[in-house]
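[1] based on what follows, work out the 3D shape:
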Amino acid sequence: MRAPGFYYRPPGLAAFLLLPFAMIYGAAAGWLMGRPGARASVPVICVGNPTLGGAGKTPTALAIARLLAAMGERPVFLSRGYGGSNRRPMLVDLAMHTAREVGDEPLLLAGEFPTVVARDRAAGAALASAQGASVIVMDDGFQNPSLSKDLSLLVVDAATGIGNGDVFPAGPLRAPLHAQLAFAHGVVRVGRGEASSFVEAQAKAAGLKIFAAGLAPDPQVAAKLKGRKLLAFAGIGRPEKFFATLHSIGAVVSEVREFADHHRYSAAEAQELLKIAKSGALTLATTEKDLARMKGNAALDELAAQSTALPVRLEFEDGESVRKLLGRALKQRRG
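    Below is the predicted model:
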């Protein structure tokens, strides 16, 4: 799904007409969040988005898992596996599974730590515990009440914030902001900008701490792409964010192609991208998530082989404060 443009403009006629549906959806979502969930045998840390679309949730979850590992913990990721066909709890195997089976984000997570995908979060938590997890890191699932969380962080993009501030379908919020903040323990602000100032003010009023973070491109790949003329393509929540990153490393973005989040490329689309790149002597550049979705599809092998993915890594400005928050949550859960 690609977010409608009016989500990130001041409220207008389209949002106004959808407000009755948003009120019903928001009330239901807020009520569901308050329902009690199953309790896992180990602590559960949840990283979620208050809005639809990409704010940096998966890079934040990876950064949290790295901090936990540095603290001596054994983190295991738990993901719904959005976009994947698998319905039963499963440990992701990079040698066997594709995005069509387990989703694209779990493939990125499994590249660093054991990862379980499960539509049933409680069953997924049980499998994660059986894999030796000392702590479970949920990538998404903040608004899903089926599994009790010991610590929940909301990730907000400083450049877009919560858009027009309305609940789906009138806006990008997954539930009313006040209802979400009531179940959060902190907010992670990714990048720089003023769009997140309202969320930060509301979070501070609720007694939550704000953790500033930024996404840094892989220096080696960035050096490889610097000065190159690119055909950049991406099927993520905010493709323009990826294109801006390419500009920031000194690449020459000559052509761009945007696709919906979690987009599955067709053979025709692959051939079209290859044709444009060849005719313009352009280097194909994409995201790790997009490259992960190409794995296992022979029709996309050539596109995957000719595309350079630019990895990004989230870094907290004050990692020690985040580490202390994690430590307190673990200590409290373990008594």
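[2] what's whichever strand or helix holds Leu215 packed up against?
    Element membership of Leu215 [criterion: DSSP states H and E] is strand 209-217. Applying 3 or more CB pairs under 8 Å, 6 or more residues apart in numbering; DSSP states H and E, one finds that strand 209-217 contacts helix 57-70, strand 186-190, helix 197-205, helix 239-248, strand 312-316, helix 319-334. All C-beta spots, glycine's among them, are computed from the backbone N, C-alpha and C.
[3] mean confidence for the helix or strand following that strand?
    Next in sequence after strand 209-217, counting helices and strands by DSSP H and E, comes helix 219-225. Averaging pLDDT along helix 219-225 yields 98.
[4] what sits up against helix 219-225?
    Applying CB atoms under 8 Å, 6 or more residues apart in numbering, the external contacts of helix 219-225 come out as 246, 249-251, 283, 285, 308-311.
[5] can you flag the buried ones in those?
    Among the contacts of helix 219-225, those classed as buried by 16 or more other CB atoms under 10 Å are 246, 249, 251, 283, 285, 308-311.
[6] now Arg238: closest residue in space that isn't a chain neighbour?
    Gly54 (5.0 Å; CB to CB, 6 or more residues apart in numbering).
[7] and for Gly327?
    In space, Gly327 comes closest to Met71 once its chain neighbours are excluded; the distance is 6.8 Å by CB to CB, 6+ apart.
[8] how many other residues sit next to the one you found?
    Neighbourhood size, Met71 [other CB atoms under 10 Å]: 14.
[9] what sits against it?
    Applying CB under 8 Å, 6+ apart to Met71 gives the contacts 323, 326-327.
[10] and which of those residues is nearest to Arg88?
    Leu326 (30.0 Å; CB to CB).
[11] mind listing what the closest one touches?
    45, 64, 67-68, 71, 151.
[12] list just the nearest of those residues to Arg293.
    Distances from Arg293 to the contacts of Leu326, taken by CB to CB, are shortest for Ile64, at 23.8 Å.
[13] which parts of the chain are strands?
    Ranges of strands in the chain, per DSSP state E, are 44-48, 75-79, 90-91, 115-117, 135-139, 151-157, 186-190, 209-217, 229-234, 252-258, 283-286, 307-309, 312-316.
[14] same list (the ones you listed) but as TSV, adding distance to Ala38.
    Output for the strands of the chain, formatted as TSV (distance: least, CB to CB, whole Å):
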stretch	distance to Ala38
strand 44-48	10
strand 75-79	12
strand 90-91	19
strand 115-117	15
strand 135-139	12
strand 151-157	16
strand 186-190	23
strand 209-217	28
strand 229-234	36
strand 252-258	39
strand 283-286	38
strand 307-309	37
strand 312-316	29
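[15] the ones you listed: which one's closest to Leu177?
    Leu177 lies closest to strand 151-157 among these, at 9.4 Å (CB to CB).
[16] mind giving me the packing neighbours of the longest helix seen in the chain?
    Counting by DSSP state H, the longest helix found in the chain is helix 13-33. Here helix 13-33 touches helix 177-181, going by 3+ CB pairs under 8 Å, 6+ apart.
[17] tell me what the helix it packs on is packed against?
    Packed against helix 177-181 by the contact rule (3+ CB pairs under 8 Å, 6+ apart) you find helix 13-33, helix 197-205.
[18] Val102: which of the ones you listed is closest?
    Each of the helices and strands packed on helix 177-181 has some distance to Val102 by CB to CB; the shortest is helix 13-33, at 25.3 Å.
[19] may I see the buried residues of that closest one?
    Burial within helix 13-33, assessed by neighbour count using 16+ other CB under 10 Å, is assigned to 15, 18-19, 22, 25-26, 29-30, 33.
[20] domain ranges for the protein, per the record?
    The chain breaks down by automatic domain parsing into domains covering 5-215+314-334, 219-310.
[21] and the last one, how far from the chain's centre?
    Counting by CA atoms, centre = their mean, to the nearest Å, domain 219-310 is centred 19 Å from the centre of its parent chain.
[22] show the end-to-end separation of that domain, please.
    From its first residue to its last, domain 219-310 covers 9 Å (CA to CA, to the nearest Å).
[23] just the buried members of the contacts of Leu326?
    Burial by neighbour count, judged by 16+ other CB under 10 Å, picks out 45, 64, 67-68, 151 from the contacts of Leu326.
[24] Throw these into TSV and include pLDDT, thanks.
    Below are the buried ones among the contacts of Leu326 laid out as TSV (pLDDT from 0 to 100):
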residue	pLDDT
Ile45	98
Ile64	98
Leu67	98
Leu68	98
Leu151	98
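[25] need the pLDDT of the residue of the chain positioned farthest from its centre.
    Using CA atoms, centre = their mean, the residue of the chain lying farthest from its centre is Ser279. It sits 34.0 Å away. Per-residue pLDDT puts Ser279 at 97.
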